[in-house]
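In: A structural model of the following input is requested.
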Amino acid sequence: MSAALLAVVRDYLGRHADLGGLAQTPIPGLTVIRTSQPSGLDYAITRPLACLVLQGSKQVMMGTRSFTFRAVDSLLITADVPTVSQIVQASHETPYISLVIDLDPALLTELMEEIKAVPSAEAEPIRIEPTDSEVAEAALRLMRLLDAPASARVLRASRVRELHYWLLAGRHGPAISRLGWPDGHAQRIARAVKVLRSEFTRPLPVERLASVAGMSLSSFHHHFRNQTSLTPLQFQKQLRLIEARRLMTGEGASASSAAFAVGYESVSQFSREYRRLFGLPPAKDASVAC
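Out: The predicted model follows:
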């Protein structure tokens with residue numbers, strides 16, 4: 001991994017990170033992160049992204065599978081998947097530092113058309129590989145724009161495009177190519193996931209989601225589970241529970257108000273499903289997390 005990239009990211013974090021060590025940059029989709037100690041478990045349904053670890057290490061779990069990645073590694077997530085993550089190596093002297101870029105399927109489609117890339121067969125939605133030098137160099141050029149706002153307005157689109165190109169052309173190419181296939185299963189399921197994310201507090205008939213994806217019911221169920229590891233109902237349930245947890249731990253909401261806010265009609269059902277996912281009853285988990 002480029003020492004220059006680590007230095008630029010460390011400097012930017014020193015000037016812009018919030019109290020949690022997160023710095024959302026002015027370039028949409030580009031985030032840098034610093035953590036000075038190992039973390040607790042973080043539950044999320046992660047969007048497609050590439051994460052370049054510059055220092056420290058992190059563990060990501062999807063279902064029964066566990067992935068550990070460290071400095072010099074890149075994590076690629078090519079579908080909206082439920083993950084449990086934890087920073088496992090970090091200290092005040094050597095904090096965990098990473099750079100995250102959201103993946104843009106439309107941009108990948110353009111690039112695949114230009115280079116005549118052929119979409120790969122179905123692949124695992126989480127992949128870890130050593131970071132290609134071209135990817136690190138492209139990320140460095142993108143980061144350097146942050147201190148040149150006038151240049152960033154002109155160049156940021158081309159630098160983001162360059163980073164996507166090197167991800168597509170490098171080790172991650174076979175996996176990332178699925179996102180750029182305009183009528184492939186990944187983009188069809190992504191359309192249904194967009195509806196789930198925006199309307200998860202409401203009842204959503206699976207027939208509507210299959211229609212949005214342009215698939216038969218049986219095909220939709222198969223490809224949805226293949227890409228996300230969950231059924232549509234399980235996916236919606238996790239979205240609700242993760243948002244309820246955020247409301248309790250981040251905004252101080254009670255368990256009952258959080259349950260009703262995310263679409264539950266029964267607090268007891270909410271409590272049972274919450275404990276099944278997070279391992280503790282809602283109130284106790286919220287007090288531990290806080």
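In: ok, which stretches of the stretch 1-150 of the chain are helices?
Out: With DSSP state H, counting those that start in this stretch applied, the stretch 1-150 of the chain shows helices at 3-16, 105-115, 133-144, 149-169, listed in chain order.
In: Switch those over to a markdown table; also include distance to Val32 and mean neighbour count.
Out: C-beta here means a position set from N, CA and C on the backbone, and glycine is covered the same way. A markdown table is the format used below for the helices of the stretch 1-150 of the chain (distance: least, C-beta to C-beta, whole Å; neighbours: other C-beta atoms under 10 Å):
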| stretch | distance to Val32 | mean neighbour count |
| --- | --- | --- |
| helix 3-16 | 5 | 16 |
| helix 105-115 | 20 | 17 |
| helix 133-144 | 8 | 20 |
| helix 149-169 | 14 | 17 |
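In: So which of those is nearest Gly184?
Out: Comparison of the helices of the stretch 1-150 of the chain against Gly184 by C-beta to C-beta identifies helix 105-115 as nearest, at 9.7 Å.
In: what separates that closest one from the chain centre, distance-wise?
Out: 20 Å (C-alpha atoms, centre = their mean, to the nearest Å).
In: Now that helix: average pLDDT?
Out: Taken as a whole, helix 105-115 has an average pLDDT of 89.
In: One more: stretch 173-184?
Out: Stretch 173-184 comes out with an average pLDDT of 78.
In: Repeat that for stretch 56-64.
Out: In the prediction, stretch 56-64 has an average pLDDT of 88.
In: buried ones in that stretch?
Out: 56-62 (16 or more other C-beta atoms under 10 Å).
In: Dump the helix or strand Glu273 falls within to CSV, keeping only the CA atoms.
Out: Element membership of Glu273 [criterion: DSSP states H and E] is helix 267-278. In CSV, the C-alpha atoms belonging to helix 267-278 read as follows (Å, rounded to 0.1, in the frame of the first residue of the first chain):
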residue,chain,number,x,y,z
VAL,A,267,-43.6,-4.7,20.8
SER,A,268,-43.3,-8.3,22.0
GLN,A,269,-42.6,-9.5,18.5
PHE,A,270,-40.1,-6.7,18.0
SER,A,271,-38.3,-7.7,21.2
ARG,A,272,-38.1,-11.4,20.2
GLU,A,273,-36.7,-10.6,16.8
TYR,A,274,-34.4,-8.0,18.1
ARG,A,275,-32.9,-10.4,20.6
ARG,A,276,-32.5,-13.1,18.0
LEU,A,277,-30.4,-10.7,15.8
PHE,A,278,-28.4,-8.7,18.3
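In: domains for the chain, by residue range?
Out: 3-180, 185-230, 234-289 (automatic domain parsing).
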